[in-house]
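Asks: Coordinates for the following, if possible.
(one chain, ligands or ions: 1)
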Amino acid sequence: MAISIKEFALELAMSNPKEAIEKAKEIGIAVKNVSSEISDEDAQKLSEYILSGKLPQNAKKAQAPKEKTSKPQSKTSKTAKKAQEDKTEEKISKTPKAPSTPKVQKEVEEAKESKTTKVIKEATQELGEKNNLEAKRMGITIVKKSKESIPAPQIQEEKKPLSTPNIKDLFSEKITQDDEDEELRVKPKKKEKPKVQISHKQNEQKMDFDREFGSYEDESDEIVLFDLHEQEIKNEDEENRKKQALVDRVQVQKRNKWMNEGSIRRDKKKRKAPVVQIEKKNAQSAISIPEEIRVYEFADIAGRELRDVIGALFKLGVMVTKNDFLDRDAIEILAEEFSIEISFQNIVPEIEVQEEEGLESYERPPVVTIMGHVDHGKTSLLDKIRNSRVASGEAGGITQHIGAYMVEKNGKLISFIDTPGHEAFTEMRSRGAQVTDIAIIVVAADDGVKQQTIEALNHAKAANVQIIIAINKMDKENANPDKVKAECAELGFTPSEWGGEYDFIPLSAKSGEGIEDLLENILVQAELMELKATHSNKAKAIVLEGSLEKGRGPVATVIVQNGILRVGDPIVADTAYGRVRALLNDKGEAVKELYPSGVAVVTGLSEVPSAGATLMSVENDSVAREFAMQKASYLRQKELSKSTKVSFDELSEMVAKGQLKSLPVIIKADTQGSLEAIRASLEKLNNDEVAINVISFGVGGISESDITLASASENCVILGFNVRPTGSVKNKAKELAVEIKTYSIIYALLDDVKALISGMMSPVFEEENTGQAEVRETFNIPKVGTIAGCFVVDGSIQRGIKVRLIRNGVVVHNGSIASLKRFKDDVKEVAKGYECGIMLENYNDVRVGDVFETYKEVAKKQSL
Ligand SMILES: Nc1nc2c(ncn2[C@@H]2O[C@H](COP(=O)(O)OP(=O)(O)OP(=O)(O)O)[C@@H](O)[C@H]2O)c(=O)[nH]1
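Replies: Residues are numbered from 1 along each chain as shown. Reported below is the predicted structural model:
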């Protein structure tokens, strides 16, 4: 069989068949052109020569032009040597590293020539098994890129002739013929074997990435790499682009109006809202606040940072938390600190009942309060008015005292609040309950304006009520109304006859003179004031007094401010709620309804409301109960917050007291009465050494919050009177190691507390006599001192013990025993009836007849 050079070159994967011609000529095979055929034998020789670079022994060195062959020779020189070594030591088929080099080299050359940037070649065209294996190992060859890129068709052109023989076919027959020389056996097969079409599967097989790269190490100019780098870069770029696109999209979405309705906008709003608020509120220099306000509420209203408010108070020695309530002092301090003008709102914020609109207003009677200095005749005046007006018209006279009453004058009613003294008046006002329309300031004509007169005038003025000055005790000889007028005028309360705006009514509570004038004046003033109220079904009244009466339960004297209060109405006043069971007027009569400015005693409440509380009639019982519960929890919280508040002053006081020990207690009792009794008794137990600090108290069972509070205060004890902790509370107390003591007898409670604080008091050191010894003899030993020969007459004498030296019943020395001996032996103790030698410490004036009295100091606990 013969094979053409062209076919041979193809088989050998030689891109240029002319090279095969040259090679053939070099070994003496005569070939003219690519179509020239060579025998199998020659083909074998030629391929061996081309692949190994070794001339066959019988080959004649052809006269090849030097120029043409020099290059390939030099290029292959290195690999040729290697191939020789390989051949001698190993089978080429096993180590086809060397033969691969020329091929790759050529490809590189070609790639360079064609200025390709990247050439991917599949080593598919093989002459035999060896080359096939080589191709398998080569896989994809990526030549290091240059700047220019190879045109796509070129790659195809190069690829086209490269066909991959089927490995199976290549090995099927020849391998079995001779195991020793695979190389030789493969070649004949090549000729027989037609080119095998590249199959996808075969391609995959050749993509062998486990190839060895070591053989390329020393061929730096022929670097063959898997140039995946560009792809990676591309991927990274791609990823970055994608990421950027995503970011852009998110940004766009954020700006998107539609998206603003989503969570992004809420989030944004949340963050920005307080800033806007603060900026807006910072401008506020005057605020109106309720008297009961928490720290954070104040900060919010004042537009100040919470930390600034807490910090301002801290600097002034008051430690508060944000939930603590601020007292008036603290509020005033803060007002000054932040230069804010503060006005206090009327507060009864818990009960906000919508008033019916469009209701007609009706004239209502004036409500009068009488104030004045002590002994100027307030009570006498009130009594006189009541007696004269009520007794005169009613059989049976005054039935009862209910704290307020109504009198009739010229067919019109006047309500008097029978709580004389400005204290009650101010107490009401401090609770935001302004019930008074007219204040009568009583000034004794014989005494003139006094301290409480001035206070009363100021309070009345501050309350913006109409003021009438009653000059009382006009029946007295030394009555000097002008002096009263002059003194009042000096204070700015100028009488109307002097050009001022205040009416001065001279009268006598004793004789009754002038009282009619006063009543008439009240009516005139009321008319001028145009006092009106609606007759709404939702009444609003103010509690003037509250008490617990036998057989009637909690009762409250109320004065209606607006609306009509009727029997059966569901009502609520602070934490008290219920239904109006009965309305009793100042004459003791049961009435069915109470109009504005009307006064009556209300029964039916669940508990006694406090003075100044607002009593409201509401839609139904459940609303009433709900309001009461809300108020109760509010008060509980307030009390708790107040109790946890500690001021620096208090702390420094404790420090100043040095040895002072404090017993923090929480008192819980079943009733207000017992609670107050216990508190008062405990306060009396306070002394210089131990302070009982009631940190919290209240009516009702011991709660978990009581336990928490107690655990937060060192050594705190919870004292319960007629209350018992429930299971969970008990468990919590156990858990937090809080001591709960419960009692059903107040004295038992007090005794226990006494015992407790007795233990806390500094012990008292008392002397306890331990023995007596009479001096029978004395011995003066030079340089040692006087030794007294004694006889123990009582107890025993110990060495080192304290001793008094008594001479003729008088203590002449106080010291201690330095030496105690029995017959020259030092002993620790000598008992009664024995003799001993005693030497005192630093004292030698001991005489016969003196008595040693030994004693020791014993610490004893103090008790109250
Ligand atoms: N002569 C005379 N004595 C009067 C008159 N009004 C009151 N008194 C007497 O003055 C004293 C004090 O009268 P009160 O009515 O208790 O005076 P008050 O202002 O209510 O006194 P306090 O309740 O203590 O603040 C009593 O002894 C009265 O008898 C009066 O018009 N003339």
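Asks: CA atoms for contacts and neighbours, from now on please.
Replies: Noted.
Asks: any idea how far the residue nearest to residue 403 when sequence neighbours are not counted is from residue 544?
Replies: Of all residues beyond its chain neighbours, the one nearest residue 403 is residue 418 (4.7 Å), with distances taken as C-alpha to C-alpha, 6 or more residues apart in numbering. When distance is defined by C-alpha to C-alpha, to the nearest Å, residue 418 is 9 Å away from residue 544.
Asks: So these two - more neighbours on which side?
Replies: Neighbours around residue 418 and residue 544, counted as other C-alpha atoms under 10 Å, are more numerous at residue 544. The numbers are 28 against 21.
Asks: Contact residues of this protein facing the ligand?
Replies: Contacts of the chain with the ligand, taken as C-alpha under 6 Å from any ligand atom, map to 374-380, 472-473, 475-476, 508-510.
Asks: Kindly reformat those residues as JSON lines containing pLDDT and distance to residue 490.
Replies: Converted to JSON lines, the residues of the chain next to the ligand look like this (pLDDT from 0 to 100; distance: C-alpha to C-alpha, whole Å):
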{"residue": "374", "pLDDT": "82", "distance to residue 490": "21"}
{"residue": "375", "pLDDT": "85", "distance to residue 490": "22"}
{"residue": "376", "pLDDT": "89", "distance to residue 490": "20"}
{"residue": "377", "pLDDT": "87", "distance to residue 490": "23"}
{"residue": "378", "pLDDT": "86", "distance to residue 490": "23"}
{"residue": "379", "pLDDT": "83", "distance to residue 490": "27"}
{"residue": "380", "pLDDT": "86", "distance to residue 490": "27"}
{"residue": "472", "pLDDT": "95", "distance to residue 490": "19"}
{"residue": "473", "pLDDT": "94", "distance to residue 490": "21"}
{"residue": "475", "pLDDT": "94", "distance to residue 490": "25"}
{"residue": "476", "pLDDT": "92", "distance to residue 490": "24"}
{"residue": "508", "pLDDT": "94", "distance to residue 490": "24"}
{"residue": "509", "pLDDT": "91", "distance to residue 490": "26"}
{"residue": "510", "pLDDT": "89", "distance to residue 490": "28"}
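Asks: Those, buried ones only, as a PyMOL selection?
Replies: In PyMOL, selecting the buried portion of these, with burial taken from 16 or more other C-alpha atoms under 10 Å, looks like this:
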select buried, resi 374+376+377+378+379+380+472+473+475+508+509+510
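Asks: out of the residues of the chain next to the ligand, which are inside strands?
Replies: Secondary structure from DSSP state E places residue 472 of those in strands.
Asks: Most widely separated two among the residues of the chain next to the ligand?
Replies: Spatially, the most separated pair among the residues of the chain next to the ligand is 374 and 475, at 18.3 Å (C-alpha to C-alpha).
Asks: Okay, domains of this structure per the record?
Replies: Using the TED database, the domain parsing of the chain gives 2-52, 287-345, 361-534, 540-641, 654-760, 764-860.
Asks: Could you say which of these is packed most deeply?
Replies: Taking mean count of other C-alpha atoms under 10 Å as the contact definition, the stretch among those with the greatest mean neighbour count is domain 540-641, which reaches a mean of 21.
Asks: Kindly point out which residues are neighbours of both of residue 418 and residue 544.
Replies: Overlap of the contact sets of residue 418 and residue 544 (by C-alpha atoms under 8 Å, 6 or more residues apart in numbering) consists of residue 403.
Asks: Now do the helices in the stretch 501-650 of the chain.
Replies: Across the stretch 501-650 of the chain, reading from the start of the chain, the helices by DSSP state H, counting those that start in this stretch fall at 515-529, 621-643, 648-656.
Asks: among these, where is the model least confident on average?
Replies: Looking at the helices of the stretch 501-650 of the chain, the lowest mean pLDDT belongs to helix 648-656 (a mean of 41).
Asks: helix or strand right after it?
Replies: With elements assigned by DSSP states H and E, the helix or strand that comes after helix 648-656 is strand 661-669.
Asks: which other helices and strands contact the helix or strand just after that following strand?
Replies: Remark: after strand 661-669, the chain's next helix or strand is helix 672-685, criterion DSSP H and E. Using 3 or more C-alpha pairs under 8 Å, 6 or more residues apart in numbering; DSSP states H and E as the contact definition, the elements that helix 672-685 packs against are strand 661-669, strand 690-699, helix 746-760.
Asks: For the shortest one, enumerate its sheet partners and note whether each is parallel or antiparallel.
Replies: Pairing partners of strand 661-669, with direction, according to DSSP bridges: strand 690-699 (parallel), strand 717-721 (parallel).
Asks: tilt between that strand and helix 672-685?
Replies: Following axes from the mean of the first three to the mean of the last three C-alpha atoms, to 10 degrees, one obtains 170 degrees for the angle between strand 661-669 and helix 672-685.
Asks: contacting residues around the lengthiest strand in the chain?
Replies: Identified as the longest strand of the chain according to DSSP E is strand 764-781. For strand 764-781, contacts defined as C-alpha under 8 Å, 6+ apart pick out 786-797, 832, 846-862.
Asks: Give me the sheet partners of it and which way each runs.
Replies: Listed by DSSP bridges, the sheet partners of strand 764-781 and their directions read strand 785-798 (antiparallel), strand 851-860 (antiparallel).
Asks: Taking the stretch 701-850 of the chain, what residue is nearest to the ligand?
Replies: Here the stretch 701-850 of the chain gets closest to the ligand at one residue, residue 746, 34.1 Å apart by C-alpha to the nearest ligand atom.
Asks: wait, doesn't the residue nearest to residue 403 sit right on residue 405?
Replies: Yes: with contacts defined as C-alpha atoms under 8 Å, residue 418 counts as touching residue 405 at a distance of 7.2 Å.
Asks: joint contacts of these two?
Replies: Counting by C-alpha under 8 Å, 6+ apart, residue 418 and residue 405 have no contacts in common.
Asks: Show the pLDDT at residue 36.
Replies: In the prediction, the pLDDT value recorded for residue 36 is 81.
Asks: just checking, it touches residue 7?
Replies: No: the pair residue 36 and residue 7 fails to qualify as a contact (C-alpha under 8 Å) at a distance of 10.0 Å.
Asks: So residue 442 belongs to a strand, correct?
Replies: Yes: with DSSP: H, G, I helix; E, B strand; the rest coil as the criterion, residue 442 is part of a strand.
Asks: ok, it touching residue 369?
Replies: No: taking C-alpha under 8 Å as the definition, residue 442 is not a contact partner of residue 369, at 10.5 Å.
Asks: ok so, going back, next, find the distance separating the residue nearest to residue 403 from residue 545.
Replies: With the distance defined as C-alpha to C-alpha, residue 418 ends up 10 Å from residue 545.
Asks: try residue 527
Replies: Where residue 545 is concerned, residue 527 sits at a distance of 28 Å (C-alpha to C-alpha).
Asks: I'd like to know how far residue 566 sits from residue 843.
Replies: From residue 566 to residue 843 the distance is 95 Å (C-alpha to C-alpha).
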